[in-house]
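>>> Pasting the sequence and the predicted model now:
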Amino acid sequence: MTRAELLAGLAGFPDRLSGAARGAAARPTLDGEWTPELVVRHLLAVEVDVHHARLRDLETVDDPRWSWAEPAPWTGEPSLDLDALLDRFAALRAATLATVAALDDDGWARTGTHERLGVWDVEGLLRNAVDHDQEHLGGLTG
C-alpha cells in the first residue's frame, strides 16, 4: 500500500463507519457486544488518546515510548446521538490527516517504540490505525 493509498483509506473511513454504524443500529445488539454508539465512542477515544497523542509524541519527543492502549469508549457529552458522534469522529479523523499532511519526509521518518509491537514510524502508526478501523468496521458489519 502506497502512502497515498494509506491516507485515502484513512480519509474514507468515516464514511464507511457511518454506513456500517447506521446499518448496525437498525439491528439488535447481541449480548456482550457494544452498541454502534459505543463503538464510535471507542473510536473517538482512540483517535485522540492514541493516534493524536502518538503523532504529537513523534513531533515533540525524541524516541518516544508507548505502552499498549485500548481506550474505553469516550464518556464525554453523553447526550450525543449516533449522527453527532459520527460527525465528531469525522472531524477528529480530519485533524489526524491534517497533522500528517503537514509532515515532511523527515517527519514521516521519525520513530517511536511500542512496548509490544516494536519500532514504528508514522506509516507504521497509520497502518495500525487502518487495522484498528477495519477490526471495528468488521464488528459492525459482521
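Yep, it's here.

>>> now the strands for the chain?
For the chain, the strands defined by DSSP state E occupy 65-66, 111-114, 118-121.

>>> Any figure for the gap between the spatially closest residue to A45 that is not a sequence neighbour and H42?
Using C-beta to C-beta, 6 or more residues apart in numbering and skipping residues adjacent in sequence, the residue nearest A45 is P71, 3.7 Å away. C-beta: built from backbone N, CA, C; applies to glycine. As judged by C-beta to C-beta, to the nearest Å, P71 and H42 stand 7 Å apart.

>>> Could you point out the longest helix of this structure?
helix 3-25 (DSSP state H).

>>> For it, list the C-alpha coordinates in PDB.
What follows is helix 3-25, C-alpha atoms only, in PDB (Å, rounded to 0.1, in the frame of the first residue of the first chain):
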ATOM      1  CA  ARG A   3       1.400   6.400   1.200                       C
ATOM      2  CA  ALA A   4      -1.400   7.900  -0.900                       C
ATOM      3  CA  GLU A   5      -3.500   4.700  -0.600                       C
ATOM      4  CA  LEU A   6      -2.900   4.600   3.100                       C
ATOM      5  CA  LEU A   7      -4.100   8.200   3.500                       C
ATOM      6  CA  ALA A   8      -7.000   7.600   1.200                       C
ATOM      7  CA  GLY A   9      -8.100   4.700   3.300                       C
ATOM      8  CA  LEU A  10      -7.900   6.700   6.500                       C
ATOM      9  CA  ALA A  11      -9.800   9.600   4.900                       C
ATOM     10  CA  GLY A  12     -12.500   7.300   3.600                       C
ATOM     11  CA  PHE A  13     -13.100   5.500   6.800                       C
ATOM     12  CA  PRO A  14     -15.600   8.000   8.400                       C
ATOM     13  CA  ASP A  15     -18.000   7.400   5.500                       C
ATOM     14  CA  ARG A  16     -17.600   3.600   5.800                       C
ATOM     15  CA  LEU A  17     -18.000   3.800   9.500                       C
ATOM     16  CA  SER A  18     -21.200   6.000   9.200                       C
ATOM     17  CA  GLY A  19     -22.800   3.500   6.800                       C
ATOM     18  CA  ALA A  20     -21.900   0.500   9.000                       C
ATOM     19  CA  ALA A  21     -22.900   2.100  12.300                       C
ATOM     20  CA  ARG A  22     -26.300   3.200  10.900                       C
ATOM     21  CA  GLY A  23     -26.900  -0.300   9.500                       C
ATOM     22  CA  ALA A  24     -25.900  -1.900  12.700                       C
ATOM     23  CA  ALA A  25     -28.200   0.500  14.700                       C
END
